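In: How does the following fold in three dimensions:
(2 chains)
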Amino acid sequence: MSGPVVKDQYKVSPFLVFYLVHSVQVGVGVMGFQRISASTAGNDAWISVFGAGLSLHIIIFLIYKILNKEKGDIISLHKNLFGKWIGGLLSWIVIVYFVAMSITVLRTYIEVIQVWMFPDLNKWLFGGVFLLLTYYCLSGGFRVVAGISFFGVVLPFYLVLTMLFPVFYGHFQDLLPIFNHSVKEIYEGVKGASLSFLGFTTLFLYYPFIKEPEKSHRWAQGGHLLTTIMYTVLMIVTIAYFSTAQLEKTIWATLTTWKIAEMPFVQRFEYIGIASWALVILPNLCITVWAGGRGIRRLLKVSQKSVTIPLLFLILVLSSLFAKRENIDLLNEYTSKVGFYFVYIYVPLLFVIQYVKSKVVKAK
Amino acid sequence: MKDSGDFLHFESKQHGSSFFLYYFKTLVHETPLNEHILRYLSREPLTSLKEVKDKIPITGIIITEDLKTICEKVMTGYVIVRLHDNSVECALIPCQVKKARSVSQPEVEFTVVGSKEAFVESLDTNIHLVRKRLPVHELKAFELTLGKLTNTKVVVMYLDGVANEENVNTVKQRLKDIHVDQVVDSSVIMQLISDNRNSPFPQLVDTERPDRVVSVLCEGKVVILSDGSPQALIGPTTLVEFFSAFEDYFVNWIVASTSRLIRLFAVLFSILVTPIYVATLTYHYELIPSDLLSTLVSSRQRIPLPPILEAIFLELSIELLREAGARLPTKVGQTIGIVGGIVIGTASVEAGLTSNVLLIIVALSALASFTTPVYRMSNTIRLTRFPFLIFAHLWGLLGITICFSFLIVHLLKLKSLGRPFLEPIYPLRVQDLKDAIIRLPLSFQSTRPIQLQTEDTRRFNRRTQKEKNDFHE
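Out: Prediction:
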């Protein structure tokens, strides 16, 4: 059970896990997760979202069980459970998944900007500057990554208030009748909602960077709880505001609801919203790229700097290659699917294997 | 040394014995030289230097043969006495002239209430100003000499048993690592010992108020005083400390908190308003409600320049005014302010170069940047506006957010003497928020800031200080 050694000065306090978990979950997903869930679960989609949130509490519990036992990260866990080669391969898959996630996040955000703000945005230049920002953040180490995720939650939190605007125009009777969809439809909705919850599995890599990591469990659950509540409320408001048919055609429902926000000095609130969203996207990107870089660093035993720079170039090139809406949708769908299986099947599986193996070792 | 016109050396023969005197007339105080040294030396014949040391009523007389010490001491105002022309052994008698400005009012950090004393250029006076306010033996003053040529005396002051030893050692070590030829001011030290020397943000506070120094010493911070500089350096510090005026502690906590919030707002306003103007008028017309938009459009109707050029033109002229005002004597500076502010402003609006809305915005944001109590920080804030302008021109509001993120990441990475610069906001320390963005009542300030990791965390017992919270009967 040999985990990586992290010096005390690079560790962060346990309560920051709240922000790390929450900020990596809230990203591009929240801008338009409503459509995917509602396409199957209809006006019961909020149950799907709430259900997905609740079930993930259990997954986080399992992750902590695994990691508290392992006292390391997923790389050492894989190595201990499956040996050097198979374990290494599995670790690489996890790393590729994190990198794919960062590509998804960046590309989707650029798409949102292109559609809503600047149709002729130079995606190479913008992506380059954004990744430069990411690099600048990563070069400060995990402490700065945790810091930016803290600010990425606290500073744009005022956007939560903008959820209130559609409440005045909503028809809450749309929610009724409750449970008029079959369990299977709701389950499909859970699947659709899961992309917007993903990302907290990066916990598998930054766990050794937490001071007294066992204590951070409740913070992780708290961060996730905040996400669950936020999403459920957002979903309820969205169902009340849109008709089901309309929602199916609305790719970014959250952004659309911003359009009706009106203040004495600001019209068209979505410009401000999308611009502020950069602060939400940044920690997302930072954490996933950091996790990818950290994983490679642990596997190849090279410096994280020499890994991160090519990784960022790769993300820039790959994210710019996805040009069409369908491709981006496909990218989102695949990352979502992989993430879904990773969370709901692989994590419990890991837990069982670790449990069995520790029993076997004890029996010997 | 004999080349210098102010180096005096002569031989004195009395009572059959003779002695030689050497000194710099410009470094030596005439009165004690005549009254004490010469009087005793000429009264009776001298046989040995030991006798000189015993007889002259001045402390700190050194008898040495070391040429290096002799050279060093004579340069700091010692008088050399020799009995024989060919012997190397000398007595060194301290007789420095102490010419310094008398203690005067603080000019940069002036406060309406509170002490009116400010540091001066003499190190001894400065230490005296601190010591008389903090008469405890725990107050330590560690002295060292810096600068190959200037040989500046630098003193590190801290409260023993309160200040974290690690902080003190960091300061001492960084000072010892300085190898430059001239240390003419404490600002030089500040730049040399900063954690990140490539940051426009100052990472140590400088102050000219002895009462502020005493107050931070009690908090457990470390203070650096340097000879020849009326500014003391304080560290470790945080970003919020740059926005807290010392006057905040002299007024009621509600008033103090309000003015802190106003200052914080002023900083954000100063950095962001011109870029937001550029961003909205370049890209996001739709953002502005139609009533407001018509005002803006009518003011910009005759302007041939795009918003970014308009903004840069005005920002630069404000910077020019400030720079010209700072370089000129006070009276001329005022004239420049009036000529520049009023004449150039109205003329450029009438000429159709800038819109009057932007003129108001730029003038206000310049005004807002001057509310920052620490001069260095207000310079930095004005500087940060320019990258924001460029990003605003590039990507509108989105560019502003990205530039803002760069700023946050930069601040996150900054450290002051190895302690996080953004504390207590990140890492979040709720307890330290009592004296950050707002200032809570003094009875709440019973613990020292966690950031400093002080050895004695309690300042006073809160219970005994607490008022009875009950209704009057």
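
In: ok, now how distant is residue B:452 from residue B:429?
Out: 11 Å (CB to CB, to the nearest Å). Placement of C-beta: from N, CA and C, glycine included.

In: Check residue B:377 too.
Out: 22 Å.

In: quick one: contacts for residue B:196?
Out: B:203, B:413-415 (CB atoms under 8 Å, 6 or more residues apart in numbering or on different chains).

In: ok, 10 Å please
Out: Contacts for residue B:196 (CB atoms under 10 Å, 6 or more residues apart in numbering or on different chains) come out as B:203, B:410, B:413-416, B:421.

In: Next up, identify which helix or strand residue B:143 is on.
Out: strand B:139-146 (DSSP states H and E).

In: What are the buried residues along that strand?
Out: The neighbour-count check on strand B:139-146 (16 or more other CB atoms under 10 Å in any protein chain shown) flags B:139, B:146 as buried.

In: Could you give the average pLDDT over that strand?
Out: Average pLDDT, strand B:139-146: 91.

In: How about the residues of the stretch 101-250 of chain A by chain B?
Out: By the rule CB under 10 Å from any CB of the partner chain, the part of the stretch 101-250 of chain A lying against chain B is A:113, A:117-118, A:121-122, A:125-126, A:129-130, A:132-141, A:143-148, A:150-152, A:154-156.

In: hmm, 7 Å instead?
Out: With the criterion set to CB under 7 Å from any CB of the partner chain, the stretch 101-250 of chain A comes near chain B through A:113, A:117, A:129-130, A:133, A:136-137, A:140, A:144, A:147-148, A:150-151.

In: average pLDDT for the helix or strand residue A:293 falls within?
Out: Per DSSP H and E: residue A:293 is located in helix A:270-300. Taken as a whole, helix A:270-300 has a mean pLDDT of 91.

In: Tell me which helix or strand comes right after it.
Out: helix A:304-321.

In: Make TSV out of the residues of the stretch 101-250 of chain A next to chain B and add secondary structure.
Out: Below are those laid out as TSV (DSSP: H, G, I helix; E, B strand; the rest coil):
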residue	secondary structure
A:113	helix
A:117	coil
A:129	helix
A:130	helix
A:133	helix
A:136	helix
A:137	helix
A:140	coil
A:144	helix
A:147	helix
A:148	helix
A:150	helix
A:151	helix
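
In: Which pair of those residues spans the longest distance?
Out: Longest distance between any two of these is 28.9 Å, between A:117 and A:140; criterion CB to CB.

In: Skip the chain neighbours and tell me the closest residue to the residue of the stretch 251-400 of chain B found nearest chain A.
Out: Minimum separation of the stretch 251-400 of chain B from chain A (CB to the nearest CB) falls at residue B:397, amounting to 3.7 Å. The shortest distance from residue B:397 to any non-neighbouring residue, by CB to CB, 6 or more residues apart in numbering or on different chains, is to residue A:275 (3.7 Å).

In: Same question for residue B:374.
Out: Distance criterion CB to CB, 6+ apart; nearest residue to residue B:374, sequence neighbours excluded, is residue B:242 at 4.7 Å.

In: For the one you found, give me its contacts.
Out: B:205, B:372, B:374, B:377 (CB atoms under 7 Å, 6 or more residues apart in numbering or on different chains).

In: Let me know the distance separating it from chain A.
Out: Distance of residue B:242 to chain A, computed by CB to the nearest CB, to the nearest Å: 19 Å.

In: Check that residue and give its pLDDT.
Out: 91.

In: Just to confirm, what's the three-state secondary structure of it?
Out: helix.

In: Residue B:10 too?
Out: strand.

In: Show me what it bridges to in the sheet.
Out: residue B:21 (DSSP bridges).

In: Test my guess that it contacts residue B:22.
Out: No: Residue B:10 lies out of contact with residue B:22 (CB atoms under 7 Å); the separation is 8.5 Å.

In: Tell me which of these two has more neighbours.
Out: residue B:22 (18 against 9; other CB atoms under 10 Å in any protein chain shown).

In: Surely the more buried one is in contact with residue B:78?
Out: No: using CB under 7 Å, residue B:22 is not in contact with residue B:78; the gap is 9.5 Å.

In: hang on, the earlier thing: for the residue nearest to residue B:397, the count of nearby residues, please.
Out: 23.

In: For chain B, give me its nearest residue in chain A.
Out: For chain A, CB to the nearest CB, closest residue to chain B: residue A:275, 3.7 Å.

In: That residue: what's it in contact with?
Out: B:397-398, B:400-401.

In: and residue A:160, how many neighbours?
Out: 12.

In: Fine by me, thanks again.
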